[in-house]
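A.B. asks: sequence and computational prediction follow.
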Amino acid sequence: MRGMHLALWILGLVSGVASHAASAPCAAVLQEKGGSIKEREKAAKTADEVWELALECEKRKLKADLKRLVARTLELDPQHAAANAHIGNVQHKGRWMTPAERDAAVEAELAAEMAKKGLVRWQDKWVTPEEKSHYEKGEVLYQGVWMLFAEAQRKQGLEEHAGQWLPRAEALARNNGAEVQQLVGVPLTPLLNEQLALYAQPAAGELVPIAAGLLRGRAWFDTTFAAPPGLDLLGGRLAEFYVFVDDEPYTKSVPLFAARTKTVGAGWDAAVAKSYGFFWSDPYPTSSVRLWKRGIPDLAGHCYHHWGHLLANRLGYDGRLLPPWYDEGLACLLEFRSHGRNAVFCRGNKLEEPTGPTTGGPLPKRDTGTKVGPSKEPRAKVAPLDPKAMRDGRWKEALAAGIDELPSFDTIASLQFTELDGAAIAASMGIVEWLESRGEGALRRFHDVLRKNAPAVPERVHSSGGARRAMYEAAFRAAVQLSLDEADKAWREWLKQK
């Protein structure tokens with residue numbers, strides 16, 4: 001009996017414990033293995049208890065329950081650190097919020113601070129109201145002065161091309177090339193370096209060797225003449241070279257180039273449309289050539305030849321023109337120095353205004369009348385010269401073979417471009433090279449005297465024989481301390497020895 005009472009007492013005790021457990025805190029429920037998430041959630045009373053259950057859901061990959069429990073945690077405690085961090089919230093000044101809310105708060109605080117300083121926002125910076133008014137008009141502050149943005153860029157040596165601000169020389173050359181390409185309607189491959197912009201139809205071949213040859217020619221010229229470096233010699237612009245394979249793009253481009261310069265005369269565009277190419281050096285150096293009735297290799301030679309003309313004419317340029325024999329002789333020599341041959345010779349057109357000259361084509365026949373006036377003396381005997389020898393780079397050998405038959409220097413110096421033939425051109429090359437061989441600065445001193453005493457435009461040759469001889473007398477004495485006649489004899493003897 002006593003044992004039965006004891007058993008009943010124990011049962012009652014257990015029953016009492018179980019009854020007490022049914023109304024115990026939720027911690028007991030959280031520890032219950034068999035309870036469902038929903039049941040355990042209902043039992044949780046604090047944010048930390050809900051969060052503990054959320055962490056369990058995260059481990060068990062119960063995404064829907066996790067999302068709900070995180071939200072419930074924040075509902076119970078909006079500043080619950082772990083739950084806020086879980087959803088990507090951030091703290092700002094002790095409070096949890098979304099990044100967007102934090103950014104808005106920071107912006108509002110900054111705006112209030114800047115307003116106290118009298119500043120307002122302009123795009124991504126804070127400025128004074130006066131500064132903002134300038135910015136709204138598209139102005140910027142450059143060296144203490146408000147001006148339009150484009151004006152400030154140009155004061156820094158920049159120019160716009162296709163929406164970009166580039167160094168002025170590059171941008172202008174690219175703009176010009178794009179304009180030519182649009183006009184002629186064919187693609188032009190560009191190659192630009194520190195001195196020039198080369199544009200060519202793809203069929204013209206590889207541009208890198210041509211550009212390399214042009215740089216070689218410039219290096220020789222700069223060394224020989226002690227010329228101003230870089231773009232200083234070129235008027236602050238890149239020299240522009242255009243190489244066409246097809247005739248139509250070349251001829252279509254001529255009017256555009258004629259409009260870019262004021263130094264060519266009436267009829268120039270019609271004349272160059274019938275030639276292999278043309279150049280002008282004012283306001284900046286420009287060359288254009290086409291394939292026409294010759295081979296691709298001649299295009300490179302034509303660029304080199306024009307480069308000689310452009311460099312010579314830019315050196316000490318004052319608007320006046322160089323003598324034809326000297327201009328052509330120097331261009332031919334630079335072409336020869338660039339690739340060891342001569343494929344191009346220049347001729348002009350007999351117009352009242354200067355015409356360029358145009359370049360290429362067969363060497364012209366001697367003309368007994370020049371701008372100096374009709375010849376009153378018998379036509380000078382000219383040495384025979386094999387054109388093939390010139391093309392093969394043997395101009396010096398061919399010239400030496402007929403040196404005793406060449407006319408006097410004064411006769412050669414009196415010729416117009418229309419009168420230059422193979423022998424006169426080879427002789428001009430020989431005279432220029434002889435001057436170069438006389439020592440550093442000799443050719444430059446000769447060049448400078450020609451510039452100083454050149455006739456007024458459009459003339460290239462002094463109409464007065466006395467003035468012409470006086471100019472060359474001064475030039476040879478400045479260059480090599482010889483009279484005109486002494487120099488004429490000396491260069492011939494030098495050539496024979498070569």
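C.D. replies: Sure, I can see it.

A.B. asks: tell me the domain boundaries of this structure?
C.D. replies: In terms of domains, the chain is parsed into 23-87, 103-154, 185-497 (source: automatic domain parsing).

A.B. asks: closest one to Pro167 among the ones you listed?
C.D. replies: When the domains of the chain are compared by Cβ to Cβ, domain 185-497 sits nearest Pro167, at 9.6 Å. The C-beta positions use only the backbone N, C-alpha and C, and glycine is treated the same way.

A.B. asks: for the stretch 201-350 of the chain, what spans make up the strands?
C.D. replies: Counting by DSSP state E, counting those that start in this stretch, the stretch 201-350 of the chain has strands at residues 239-244, 277-280, 286-290, 346-347.

A.B. asks: buried sites along the helix or strand containing Lys496?
C.D. replies: Assigned by DSSP states H and E, Lys496 falls within helix 484-497. Using 16 or more other Cβ atoms under 10 Å as the test for burial, helix 484-497 gives 484, 487-488, 491-492, 495.

A.B. asks: all helices of the stretch 151-300 of the chain, in order?
C.D. replies: Remark: helices assigned in the stretch 151-300 of the chain by DSSP state H, counting those that start in this stretch are 168-184, 207-225, 247-260, 268-272, 297-314.

A.B. asks: avg pLDDT for the fourth one?
C.D. replies: Confidence over helix 268-272, taken as the mean pLDDT, stands at 91.

A.B. asks: can you check the last one too?
C.D. replies: Along helix 297-314, the predicted confidence averages to a pLDDT of 96.

A.B. asks: that one - contacts with which helices or strands?
C.D. replies: With contacts taken as 3 or more Cβ pairs under 8 Å, 6 or more residues apart in numbering; DSSP states H and E, helix 297-314 sits against helix 207-225, strand 239-244, strand 277-280, strand 286-290, helix 324-339, strand 358-359.

A.B. asks: nearest to Gly402, of those?
C.D. replies: Closest approach to Gly402 among the helices and strands packed on helix 297-314 (Cβ to Cβ): helix 324-339, 16.4 Å.

A.B. asks: and the angle from that closest one to helix 297-314?
C.D. replies: With axes from the mean of the first three to the mean of the last three Cα atoms, to 10 degrees applied, the angle from helix 324-339 to helix 297-314 works out at 130 degrees.

A.B. asks: am I right that Thr46 is in contact with His80?
C.D. replies: No: Thr46 lies out of contact with His80 (Cβ atoms under 8 Å); the separation is 10.0 Å.

A.B. asks: look at these two and report which has more neighbours.
C.D. replies: Comparing Thr46 with His80 by other Cβ atoms under 10 Å, the one with more neighbours is His80, at 20 against 12.

A.B. asks: distance of the more buried one relative to Thr73?
C.D. replies: 5 Å (Cβ to Cβ, to the nearest Å).

A.B. asks: can you check Asp404 too?
C.D. replies: Using Cβ to Cβ, we find Asp404 at a distance of 113 Å from Thr73.

A.B. asks: ok, now Gly430?
C.D. replies: 100 Å.

A.B. asks: residues contacting the nearest residue to Ser338 once chain neighbours are set aside?
C.D. replies: Excluding the flanking residues, the one nearest Ser338 by Cβ to Cβ, 6 or more residues apart in numbering is Tyr304, at 4.0 Å. Residues in contact with Tyr304, defined by Cβ atoms under 8 Å, 6 or more residues apart in numbering, are 213-214, 217, 334-335, 338-339.

A.B. asks: ok, of those, which one's closest to His447?
C.D. replies: Closest to His447, out of all of the contacts of Tyr304 and judged by Cβ to Cβ, is Leu334, at 13.4 Å.

A.B. asks: any idea of the pLDDT on the closest one?
C.D. replies: Leu334 carries a pLDDT value of 97.

A.B. asks: neighbours of it, how many?
C.D. replies: Leu334: 28 surrounding residues under other Cβ under 10 Å.

A.B. asks: list the contacts of it.
C.D. replies: By Cβ under 8 Å, 6+ apart, the contact list for Leu334 reads 217, 220-221, 304-305, 307-308, 311.

A.B. asks: circling back to that earlier point, wait, which of the domains of the chain is closest to Gly163?
C.D. replies: domain 103-154 (12.3 Å).
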